[in-house]
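1. All I have is the shape, not the residue letters:
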C-alpha cells in the first residue's frame, strides 16, 4: 500500500520501542528496510483505517523475525516492553472513560458497519457487542488484518504472538480483557470482552 504519514510515524515509533542490546545497529536498519518493503507491497486497507497502526505493527514484527537472530517469543517481549513505556501510546489508546463512553461506542458501531462492506480485502470485519452485566464492552472480530498480512507474507504462525499484545493495550487503557478464542489460533472469531478494572465481580 502507498506510504503515508501514519506508516512513517509507526516505523519511527516501533524502531524506538524495539531498541534492544540483543539487536545490532545493522539488524535494526535491516528491520526498518524490511518493514518499508512489507508495507509497500501489503494489500491496501485504507489510509485512514483506525487499525492501520496494528497493520503496521504486524509488518514490523514480521520484519524483526526475518532480520534479527531472536525467537518470536523474544521479539514479542521486546515489543511489549517498549510499548509499555510509551507515553505516546497511552495518548493514542486513551483511557477507560474514553473507550467506554457512549459517544465513542456509537462511533465504533458506525465503524463496525463499514467493515462489513469489505471494501478492502485485508481489512478487519468486526461487530460491537454492548455490555450485558458481565462486561462493559465487547468486540467480535470475524476477520483480522494481522492474520491476513501474516498469511500473505508466509508466516501465519506469527499472528498469535501479536494477539498477546492486546492484553497490554487493555492494561494501558485501564481495562481488563477476557478472550476465549482467536482467529490466529484457529477460532471462528476473536471475542474481546473489556471490563473496567473496578468492575464488580459476580
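-> Perfect, thanks for sending it. These numbers come from a predicted model, not from an experiment.

2. For the rest of this, base every contact and every neighbour count on C-alpha atoms.
-> Noted.

3. Relative to residue 23, how far out is the spatially most central residue of the chain?
-> Centrality entry for the chain: nearest residue to the mean C-alpha point is residue 54, 3.5 Å, by C-alpha atoms, centre = their mean. Remark: distance between residue 54 and residue 23 (C-alpha to C-alpha, to the nearest Å) = 22 Å.

4. go on, residue 167?
-> In terms of C-alpha to C-alpha, residue 167 sits 25 Å off from residue 23.

5. Verify the contact between the residue nearest to the centre of the chain and residue 146 for me.
-> Yes - with contact defined as C-alpha atoms under 8 Å, residue 54 reaches residue 146; the gap is 7.2 Å.

6. ok so residue 76 is a helix residue?
-> Yes - counting by DSSP: H, G, I helix; E, B strand; the rest coil, residue 76 is found in a helix.

7. now it, nearest residue through space, not along the chain?
-> Distances taken as C-alpha to C-alpha, 6 or more residues apart in numbering place residue 161 nearest to residue 76, at 6.4 Å, with adjacent residues excluded.

8. Who are the packing partners of the strand or helix carrying that neighbour?
-> Taking DSSP states H and E as the criterion, residue 161 maps to helix 159-163. On a contact count with 3 or more C-alpha pairs under 8 Å, 6 or more residues apart in numbering; DSSP states H and E, helix 159-163 meets helix 72-84, helix 145-152.

9. Tell me which of the ones you listed sits nearest to residue 104.
-> Ranking those by proximity to residue 104 (C-alpha to C-alpha) places helix 145-152 first, at 22.0 Å.

10. gap between the closest one and the chain center?
-> Put simply, helix 145-152 sits 12 Å off its chain's centre (C-alpha atoms, centre = their mean, to the nearest Å).

11. tell me the mean pLDDT over that helix?
-> Average pLDDT, helix 145-152: 98.

12. buried ones in it?
-> For helix 145-152, the neighbour count (16 or more other C-alpha atoms under 10 Å) marks 145-150 as buried.

13. what does stretch 181-201 give?
-> 182-184, 189-196.

14. And stretch 93-107, by the same measure?
-> In stretch 93-107, counting by 16+ other C-alpha under 10 Å, buried: 95-96, 99-100, 105.

15. can you list those in JSON lines and add secondary structure and distance to residue 119?
-> As requested, the buried residues of stretch 93-107 are exported to JSON lines (DSSP: H, G, I helix; E, B strand; the rest coil; distance: C-alpha to C-alpha, whole Å):
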{"residue": "95", "secondary structure": "coil", "distance to residue 119": "30"}
{"residue": "96", "secondary structure": "helix", "distance to residue 119": "30"}
{"residue": "99", "secondary structure": "helix", "distance to residue 119": "25"}
{"residue": "100", "secondary structure": "helix", "distance to residue 119": "27"}
{"residue": "105", "secondary structure": "helix", "distance to residue 119": "22"}
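
16. Identify the farthest-apart pair in the residues you listed.
-> Maximum distance among these (C-alpha to C-alpha): 13.5 Å, for 95 and 105.

17. the strands in this structure, which residues?
-> 125-130, 137-143, 175-178, 190-196 (DSSP state E).

18. Out of those strands, flag the one nearest residue 114.
-> Per C-alpha to C-alpha, nearest to residue 114 of those: strand 125-130, 8.6 Å.
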